[in-house]
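Asks: Below are the sequence and a predicted model for it; my questions follow.
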Protein chains: 2
Amino acid sequence: MAVRVDFNLSLDGFATTTDQTPEQPMGADWMRLVGAYIATRTMRERVFKDTSGEGTTGVDDRYARAYFDNIGAEIMGAGMFGLHSFPDDPNWKGWWGDEPPFRVPVFVLTHRKRPSIEMAGGTTFHFLDATPAEALRQAVAVAGGKDVRVGGGASTVRDFLKAGLVDRLHVAIVPILLGRGIRLWDDLRGFELGYTAESETAESGTIHLTFRR
Amino acid sequence: MAVRVDFNLSLDGFATTTDQTPEQPMGADWMRLVGAYIATRTMRERVFKDTSGEGTTGVDDRYARAYFDNIGAEIMGAGMFGLHSFPDDPNWKGWWGDEPPFRVPVFVLTHRKRPSIEMAGGTTFHFLDATPAEALRQAVAVAGGKDVRVGGGASTVRDFLKAGLVDRLHVAIVPILLGRGIRLWDDLRGFELGYTAESETAESGTIHLTFRR
């Protein structure tokens, strides 16, 4: 069992953008940040139900396959689920479609109590008001010995990194400068101590950097 | 003729540190930031006059050789020369020793007039109160058709990047998180437009990323 993070970042360290709207829930910059990743065959199949077999099959796709491999539960912040955009809609089921790509129990961190939502394809959203360590304990309990991913957004991931709870951090760094958004790396001085770092560059120009302990 | 920047950065985007002292003029974090680079054979020879032939000879050394190749003049900020630490000493000749590694005319940007200093080995320090564009014009005029480097520090490099004056930006990103210092990337949203980006990873773990236009 490992606690894993996989995250897309701009070169200047921004992971989410500040210009979210209902039409562009992740912000206009989002597509530039994840473009190479969602162009992979694996992401097209898994996230967009594209069974044409098209999509890139290089280094980015290898990481996309690893993304879904051996995950038993997921944890995400309220913003990644979409609660910040629709805080008062009890029927809101998140940005992730009727059949979300997670296919495991997903724990959404929020201070508001909500009933769990069972979606098609194996995903169930649970809503938790808990510290990172407590949330992780509950996720591990249902992960069946598999890994737990902390999915995002940036503030949630940073909280888990700062708490020392993450075993493997993979960042896909896109060589663009966004100049605004939420920084992943704030207040993480010395994080690298106790980890090994490995990196490689994909055909798309994305730099894949992985910290492992 | 190209205007070039070669710069060492932490993963969280810090290029210089905040803990400079007379004993450690670049700060205690500096050695971690440049350790792999100054371990190269080229940097040992050129900067530390180490003629033993020792030092690494891999990817980092290839960039170290390119660092000194075809440079006709250099521009740096007052802090990189050391004026911030010794502002009132008219005899201060900079951090760079009696025979600085530049071996070309070096233009130091400062608001205080100072006479030029001719050093051994071909380096002459000139002191200029000028905008980036004006300083560049003077550097180009003496560079004999060779490239001009903007050497540092982070604020000076950022000024030149923001003014659109840099043709080639090479950053050596070290996978460590410093959490403090001066950020290179602030206010550079969209810088990558008009440039191509290329990256590769050195044996040391350093990620070499180059923007060219």
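Replies: Received, thanks.

Asks: Which positions in chain A make contact with chain B?
Replies: Applying Cβ under 8 Å from any Cβ of the partner chain, we find that chain A lies next to chain B at A:11-13, A:175-180, A:185-192, A:197-201, A:205, A:207, A:209, A:211. Yep, even glycine has a C-beta here, placed from its N, CA and C like the rest.

Asks: Sort out which of these are buried, if you could.
Replies: A:11-13, A:175-180, A:185, A:188-189, A:191-192, A:197, A:199-201, A:205, A:207, A:209, A:211 (16 or more other Cβ atoms under 10 Å in any protein chain shown).

Asks: what's the residue closest to the geometric middle of chain A?
Replies: residue A:151 (2.8 Å; Cα atoms, centre = their mean).

Asks: tell me the secondary structure for that residue?
Replies: The three-state assignment at residue A:151 reads strand, by DSSP: H, G, I helix; E, B strand; the rest coil.

Asks: Which residue is the nearest non-sequential neighbour of it?
Replies: Nearest non-adjacent residue to residue A:151, counting by Cβ to Cβ, 6 or more residues apart in numbering or on different chains: residue A:76, 4.3 Å away.

Asks: Quick one: list the elements packing against the helix or strand harbouring the one you found.
Replies: Using DSSP states H and E, residue A:76 sits in strand A:71-77. Packing contacts for strand A:71-77, counted by 3 or more Cβ pairs under 8 Å, 6 or more residues apart in numbering or on different chains; DSSP states H and E, involve strand A:105-109, helix A:132-142, strand A:147-152, helix A:154-162.

Asks: continuing past that strand, what's the next helix or strand?
Replies: Where DSSP H and E defines the elements, the next helix or strand beyond strand A:71-77 is helix A:78-81.

Asks: returning to that earlier point: could I get the helices and strands packed on strand A:71-77 as a markdown table with mean pLDDT?
Replies: A markdown table is the format used below for those (pLDDT from 0 to 100):
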| stretch | mean pLDDT |
| --- | --- |
| strand A:105-109 | 98 |
| helix A:132-142 | 98 |
| strand A:147-152 | 96 |
| helix A:154-162 | 96 |
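
Asks: Tell me which of the ones you listed lies nearest to residue A:53.
Replies: Set against residue A:53 and scored by Cβ to Cβ, the helices and strands packed on strand A:71-77 come closest in strand A:147-152, at 26.1 Å.

Asks: so how far is the closest one off the chain centroid?
Replies: Mean-position distance between strand A:147-152 and its chain equals 7 Å (Cα atoms, centre = their mean, to the nearest Å).

Asks: what lines up beside it in the sheet?
Replies: strand A:3-10 (parallel), strand A:71-77 (parallel) (DSSP bridges).

Asks: Taking helix A:154-162 as reference, get the angle to it.
Replies: For strand A:147-152 against helix A:154-162, the angle by axes from the mean of the first three to the mean of the last three Cα atoms, to 10 degrees is 130 degrees.

Asks: Output the below-cut-off pLDDT ranges for chain A.
Replies: A:25-26 (pLDDT under 70).

Asks: which residues in it form strands?
Replies: Applying DSSP state E to chain A gives strands spanning A:3-10, A:14-16, A:71-77, A:105-109, A:117-118, A:124-128, A:147-152, A:168-174, A:182-183, A:196-201, A:207-212.

Asks: For residue A:88, find the nearest of those strands.
Replies: Among the strands of chain A, the nearest to residue A:88 by Cβ to Cβ is strand A:124-128 (14.5 Å).

Asks: Can you name every helix or strand that the closest one contacts?
Replies: Strand A:124-128 packs on strand A:105-109, strand A:117-118, helix A:132-142, going by 3+ Cβ pairs under 8 Å, 6+ apart.

Asks: Give me the contacts around that strand.
Replies: The contact list for strand A:124-128, computed with Cβ atoms under 8 Å, 6 or more residues apart in numbering or on different chains, reads A:81, A:93-94, A:105-110, A:112-119, A:134-135, A:138.

Asks: if I pick residue A:207, what's in contact with it?
Replies: By Cβ under 8 Å, 6+ apart, the contact list for residue A:207 reads A:172, A:173, A:175, A:199, A:200, A:201, B:199, B:201, B:207, B:209.

Asks: Closest one of those to residue B:4?
Replies: Scanning the contacts of residue A:207 for proximity to residue B:4, where the rule is Cβ to Cβ, the winner is residue B:209, at 14.0 Å.

Asks: Check the gap between the closest residue in space to that closest one that isn't next to it in sequence and residue A:33 for me.
Replies: In space, and not counting its chain neighbours, residue B:209 is closest to residue B:199: 4.3 Å by Cβ to Cβ, 6+ apart. Applying Cβ to Cβ, to the nearest Å, the value for residue B:199 to residue A:33 is 17 Å.
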